[in-house]
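Peer 1: Sequence unavailable; structure follows:
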């Protein structure tokens, strides 16, 4: 199994550089080879909405690879069918990053394509993605209205021309997403999980986790992200499908996580609003870290449980006896505690369901 490097904070540029350094990412670039950075730029939306990759992830990658002698670096992306890529890149602030570093941005909607053999038949893929010495996948971990979640594997859909994207929808998304991931197979993935949307790829309901993670197996990183979001394998079947097609391994364990710092190194969770506030209106929070709070929010969202359960979370509960359910190691004095720093949303969801059903 591959290693997953994880970091907490709010400075996307600094976090990205530290992840790349820890993983010695430059060793993945072939001698004299190019680096193509593929962010998630589905619509013309600000990263703070939970829809698009933060520009600091791009600048961090560019700075790191430049500092390690890589000269041929580009940003490549094609927004979804209903939007213009260049409008979206300006809305996300990528134009400023590219201008500052003198790095070209290529709209893949205008790129040449060639067919690639996959498990579901030939798929036309943009040449700049296929010909990169190192394709770096920079997805956002977030919800999706059709596939429940989107991360490393689904982000590769931006490497297709619009007509192929439409074909994917006609095929039902799950199998072609898995097949593309196994065929294109990026060798470096940096996941922006700073504030991915709760359940919609266009953003609007961001959940602040202040977390990023890096790995070399897109299937493994998606499986880990699925657990972080509190989802079951049956809800996101394209991950195991990609594994069966040879795209990677869906297996991961806590031993695979290399933590560069602690969740408490990031700021406490900001005051929730909208949907998030409604989900957490009965939660007692005291100095709750972003990552821990986000796991609880996602678990409340996916299970629909929590009403009538006394839930406590945050560093303010350390050393205290607590009635009800405590979230994270800081609340180990609770009658029932979901251990972890932080626990995954999957772990919190199981605890909520157990309490709701009296198990």
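Peer 2: It's in. Every value quoted in this text rests on a predicted model; they were computed, and no experiment measured them.
Peer 1: how close does residue 22 sit to residue 69?
Peer 2: Distance of residue 22 to residue 69, given as Cβ to Cβ, to the nearest Å: 19 Å. For glycine as for every other residue, the C-beta is placed from the backbone atoms N, C-alpha and C.
Peer 1: and the two? which has more neighbours close in?
Peer 2: residue 22 (15 against 8; other Cβ atoms under 10 Å).
Peer 1: Name all residues that make contact with that one.
Peer 2: 5, 214, 258, 260 (Cβ atoms under 8 Å, 6 or more residues apart in numbering).
Peer 1: Then residue 239?
Peer 2: Counted by Cβ under 8 Å, 6+ apart, residue 239 has contacts 153, 178, 219, 222-223, 226, 233, 250.
Peer 1: Now the residues you listed in a markdown table, please, with extra columns for neighbour count.
Peer 2: Formatted as a markdown table, the contacts of residue 239 follow (neighbours: other Cβ atoms under 10 Å):
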| residue | neighbour count |
| --- | --- |
| 153 | 31 |
| 178 | 26 |
| 219 | 30 |
| 222 | 33 |
| 223 | 24 |
| 226 | 23 |
| 233 | 12 |
| 250 | 21 |
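Peer 1: Closest one to residue 12 out of the residues you listed, please.
Peer 2: residue 222 (20.4 Å; Cβ to Cβ).
Peer 1: and that closest one, backbone torsions?
Peer 2: Phi and psi for residue 222, reported as degrees, to the nearest 10, are phi -70, psi -40.
Peer 1: Now that it has come up, it's in contact with residue 151, right?
Peer 2: Yes. Between residue 222 and residue 151 there is a contact under Cβ atoms under 8 Å: 4.9 Å.
Peer 1: Show me which residues of the lowest-mean-pLDDT helix or strand in the chain are buried.
Peer 2: One helix or strand of the chain scores below all others by mean pLDDT, DSSP states H and E: helix 274-279, with a mean of 80. Applying a neighbour-count criterion of 16 or more other Cβ atoms under 10 Å, one finds 276, 279 buried in helix 274-279.
Peer 1: Which strands or helices does that helix pack on?
Peer 2: In terms of contacts (3 or more Cβ pairs under 8 Å, 6 or more residues apart in numbering; DSSP states H and E), helix 274-279 is packed against helix 290-303.
Peer 1: ranges for the helices of the stretch 201-350 of the chain?
Peer 2: Along the stretch 201-350 of the chain, counting by DSSP state H, counting those that start in this stretch, helices occupy 218-228, 238-244, 274-279, 290-303, 345-356.
Peer 1: Could you tell me the least trusted of those helices?
Peer 2: Mean pLDDT is lowest for helix 274-279 among those, at a mean of 80.
Peer 1: Run the chain-centre distance for that one.
Peer 2: 21 Å (Cα atoms, centre = their mean, to the nearest Å).
Peer 1: Touching it from outside, list them.
Peer 2: 198, 205, 207, 272, 297, 300-301, 306.
Peer 1: one step back: between the contacts of residue 22, which is closest to residue 245?
Peer 2: Once Cβ to Cβ is applied, the member of the contacts of residue 22 that ends up nearest residue 245 is residue 214, at 23.1 Å.
Peer 1: rewinding a little: most neighbours, which of the contacts of residue 22?
Peer 2: residue 214 (25 neighbours).
Peer 1: Touching, that residue and residue 5? I think so.
Peer 2: Yes. The criterion here is Cβ under 8 Å, and residue 214 meets it with residue 5 at 4.5 Å.
Peer 1: between these two, what contacts are shared?
Peer 2: In contact with both residue 214 and residue 5: 19, 22-23, using Cβ under 8 Å, 6+ apart.
Peer 1: any idea which of the residues you listed is the one closest to residue 33?
Peer 2: The nearest one, if we look at the shared contacts of residue 214 and residue 5 relative to residue 33 and count by Cβ to Cβ, is residue 23, at 17.3 Å.
Peer 1: neighbours around the spatially closest residue to residue 123 that is not a sequence neighbour, how many?
Peer 2: Spatially, and ignoring its direct neighbours in sequence, residue 123 is nearest to residue 116 (5.5 Å; Cβ to Cβ, 6 or more residues apart in numbering). Using other Cβ under 10 Å, residue 116 has 15 neighbouring residues.
Peer 1: so how far is residue 307 from residue 116?
Peer 2: On the measure of Cβ to Cβ, residue 116 and residue 307 end up 49 Å apart.
Peer 1: Same question for residue 30.
Peer 2: 55 Å.
Peer 1: for residue 140, same thing?
Peer 2: On the measure of Cβ to Cβ, residue 140 and residue 307 end up 30 Å apart.
Peer 1: For those two, indicate the residue with more neighbours.
Peer 2: For residue 140 versus residue 307, neighbours defined as other Cβ under 10 Å are more numerous around residue 140 (28 against 9).
Peer 1: who does that one bridge with?
Peer 2: Per DSSP bridges, the residues bridged to residue 140 are residue 192.
Peer 1: thought it was touching residue 49?
Peer 2: No. Using Cβ under 8 Å, residue 140 is not in contact with residue 49; the gap is 10.3 Å.
Peer 1: Next, give phi and psi for the spatially most central residue of the chain.
Peer 2: For the chain, residue 141 is the residue whose C-alpha lies nearest the centre (Cα atoms, centre = their mean; 2.4 Å). Backbone torsions for residue 141, taken as degrees, to the nearest 10, come to phi -80, psi 110.
Peer 1: and it, what is it in contact with?
Peer 2: 149-151, 191-193, 196, 225, 228-229.
Peer 1: Going by neighbour count, list what's buried in stretch 113-127.
Peer 2: In stretch 113-127, counting by 16+ other Cβ under 10 Å, buried: 113, 118-120, 123, 125-126.
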